[in-house]
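S.K.: Below: sequence and its predicted model.
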Amino acid sequence: MNTEWWRGRPDKAEDKLPEFAASYGLGEAPPDLAELRAVLRRLIEDVSERDLRLLDGFLARGRIRRRLRDGAIVLEPVVCDWDWVLSEVASSFVPLLDRRDRLKICANSECQWTFLDNSRNRSRRWCGASACGNAAKVRRFRERQRTREGEGFVSRARMRSPASTRSDGERHLSR
Ligand SMILES: [Zn+2]
């Protein structure tokens with residue numbers, strides 16, 4: 001799902017899907033791979049019957065058979081091809097449908113990667129990429145600085161005012 005890099009920033013955006021496909025040595029990726037990615041993305045944002053049907057269609061494409069391995073039944077693909085890959089990717093997504101409250105989209109509007117928030121209070125806002133958390137930290141730091149400059153201006157103005165006896169209390173509250 002995260003093969004789209006910098007989704008929210010067209011000048012920087014990169015599609016890593018062909019690279020991802022090549023890394024599995026399966027030859028050129030079919031356009032369906034990008035379609036599946038779009039379906040999964042939409043399902044994270046909102047579950048619709050139409051997308052569930054499309055997901056089901058992807059699941060149906062991989063043919064698997066039962067084999068006996070070390071005394072246990074294992075499922076293996078009949079043919080290792082793109083249909084099987086699409087089906088596997090779709091299959092790995094299905095358990096996440098029950099965890100949609102933890103499936104999130106990175107709060108960095110330029111990034112918009114998808115991630116699973118495993119934090120106890122589901123408070124994560126950024127994907128795992130350090131760039132996003134750091135960008136947010138820099139933004140917050142700058143905002144704090146601007147606020148401080150603003151406060152400095154206000155408290156200096158108050159200090160000049162003889163009637164200002166509450167400025168310490170106010171500064172404390174605004175912190
Ligand atoms: Zn991100």
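M.R.: Great, that's in hand. Residues are numbered from 1 along each chain as shown.

S.K.: just the strands in this protein please.
M.R.: 4-5, 14-15, 64-69, 72-77, 103-105, 114-116 (DSSP state E).

S.K.: Run through the bridge partners of the spatially most central residue of the chain.
M.R.: In the chain, the residue lying closest to the centroid (CA atoms, centre = their mean) is T114, at 1.7 Å. Taking DSSP bridges as the rule, T114 bridges to I105.

S.K.: is it true that it touches I105?
M.R.: Yes. Judged on CB atoms under 8 Å, T114 makes contact with I105 at a distance of 5.8 Å. Heads up, the C-betas are built off the backbone N, CA and C, glycines and all.

S.K.: hey, what's in contact with both of those two?
M.R.: Counting by CB atoms under 8 Å, 6 or more residues apart in numbering, the common neighbours of T114 and I105 are I44.

S.K.: Domain-wise, how is the chain divided?
M.R.: 4-122, 135-174 (automatic domain parsing).

S.K.: Nearest to the ion, out of these?
M.R.: domain 4-122 (3.1 Å; CB to the ion).

S.K.: wait, does the closest one contact the ion?
M.R.: Yes. With CB under 5 Å from the ion as the criterion, the ion is reached by domain 4-122 at 106, 108, 111, 113.

S.K.: which ones are touching the last one?
M.R.: When contacts are counted by CB under 8 Å, 6+ apart, W113 is found next to 2, 7, 105-106, 127-129, 132.

S.K.: List only those of these flagged as buried.
M.R.: Buried members of the contacts of W113, counted by 16 or more other CB atoms under 10 Å: 2, 7, 105-106, 127, 129, 132.

S.K.: Redo the strands of the chain as a markdown table? Include mean pLDDT.
M.R.: Shown next, in a markdown table, are the strands of the chain (pLDDT from 0 to 100):
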| stretch | mean pLDDT |
| --- | --- |
| strand 4-5 | 85 |
| strand 14-15 | 86 |
| strand 64-69 | 96 |
| strand 72-77 | 95 |
| strand 103-105 | 92 |
| strand 114-116 | 91 |
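
S.K.: contacting residues for the residue lying closest to L59 once chain neighbours are set aside?
M.R.: Leaving aside its sequence neighbours, L59 sits nearest to A90 (CB to CB, 6 or more residues apart in numbering; 4.9 Å). Neighbour list for A90: 36, 40, 55, 58-59 [criterion: CB under 8 Å, 6+ apart].
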